[in-house]
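Participant: Sequence plus the predicted model coming up.
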Amino acid sequence: MGQPSVRMNGQNGRKAERDVPVQVMVPEQVRRQLAILSAERGESIRTVVLRALGEIGIKVPKEQLVDRRGRRRVQHGKFNGAI
């Protein structure tokens, strides 16, 4: 795994908390459901998971709930992104 990323906070140019990897093994069907929900909402799986964590009481800064990925291309009406 690469280095955790550190972003600048939009307010006062301060450093935001760094991103660190979290890995969890889930049943394949759960992963599929996450991918489908992510696609339906137009959000990354990361954003979907962070929103869910917030709903169970984990403090997630609102600025972390923005989609940081680039837009995926759709060709001939088919989803072209990796899942």
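Facilitator: Yep, that arrived.
Participant: What's the separation between residue 56 and residue 28?
Facilitator: Residue 56 sits 23 Å away from residue 28, taking Cβ to Cβ, to the nearest Å as the criterion. C-beta here means a position set from N, CA and C on the backbone, and glycine is covered the same way.
Participant: so where's the chain shaky on pLDDT?
Facilitator: Scanning the chain for pLDDT under 70 picks out the ranges 1-16, 67-83.
Participant: try 50
Facilitator: For the chain, applying pLDDT under 50 flags the ranges 1, 8, 73.
Participant: got the buried residues for the longest helix seen in the chain?
Facilitator: Looking across the chain with DSSP state H, the single longest helix is helix 28-41. Buried positions in helix 28-41, judged by neighbour count with 16 or more other Cβ atoms under 10 Å: 34, 35, 38.
Participant: Past it, which element shows up next along the chain?
Facilitator: Using DSSP states H and E, the helix or strand that directly follows helix 28-41 along the chain is helix 45-55.
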